[in-house]
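*Asks:* give the three-dimensional model of this entry:
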Amino acid sequence: MRTFLLAAGSTLIALSALFHIYVFFLESIAWRKPKTWKTFGIRSQEDAEIIRPMAFNQGFYNLFLSLEIIAGFITLGIKSAIGYTLLIAGASSIVGAGLVLYLSVKSSRRAAIIQASPPVIGLTLLVVGLAK
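*Replies:* The predicted structure is shown next:
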């Protein structure tokens with residue numbers, strides 16, 4: 001059962017990292033495409049250009065969250081305590097960012113739930129698995 005909890009929790013955290021890499025791609029690489037900025041509720045090219053520097057920076061923030069989790073997975077094979085600590089820290093940061101988004105931008109609550117749910121569940125499973 002412990003192995004299942006650790007694997008399931010780690011998988012959800014990995015999916016969360018992949019999602020944030022995708023968001024990095026959208027915000028920092030593909031931002032000038034109308035389909036991309038419309039995904040974020042931006043209505044015009046002019047508005048997208050105004051927001052572009054902030055989106056670019058935010059994209060890298062999402063990438064760095066993912067890199068913390070990736071470092072955790074790499075480290076699991078070397079020193080599991082450090083690896084799990086990095087997974088927990090990275091996933092907790094994503095949950096925190098989702099909570100801030102949920103509380104601060106009412107129109108983005110659905111996005112916040114989509115962002116925070118997998119790592120919340122993953123963290124729960126991981127912590128229960130580590131405690132057993």
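*Asks:* and the contacts of stretch 69-82?
*Replies:* 10, 13-14, 16-17, 83-91 (C-beta atoms under 8 Å, 6 or more residues apart in numbering). C-beta coordinates here come from the backbone N, C-alpha and C atoms, glycine included.
*Asks:* stretch 43-63 now?
*Replies:* Contacts made with stretch 43-63 from outside it, assessed by C-beta under 8 Å, 6+ apart, are listed as 20-21, 23-29, 31-32, 34, 37, 40, 42.
*Asks:* I'd guessed L101 sits against Q115; true?
*Replies:* Yes. Contact status for L101 versus Q115: in contact at 6.8 Å, counting by C-beta atoms under 8 Å.
*Asks:* so for the two, which sits in the more crowded spot?
*Replies:* Neighbours per residue (other C-beta atoms under 10 Å) separate L101 from Q115, with Q115 holding more: 23 against 16.
*Asks:* on the three-state scheme, the more buried one is what?
*Replies:* When classified by DSSP: H, G, I helix; E, B strand; the rest coil, Q115 comes out as helix.
*Asks:* returning to that earlier point: just the buried subset of the contacts of stretch 43-63, please.
*Replies:* 20-21, 23-24, 26-28, 31, 37, 40, 42 (16 or more other C-beta atoms under 10 Å).
*Asks:* longest helix in this protein, please.
*Replies:* In the chain, with assignment by DSSP state H, the single longest helix is helix 45-76.
*Asks:* write a PyMOL command that selects only the buried members of the contacts of stretch 69-82.
*Replies:* Entered in PyMOL, the line below selects the buried ones among the contacts of stretch 69-82, by 16+ other C-beta under 10 Å:
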select buried, resi 10+13+14+16+17+83+84+86+87+88+90+91
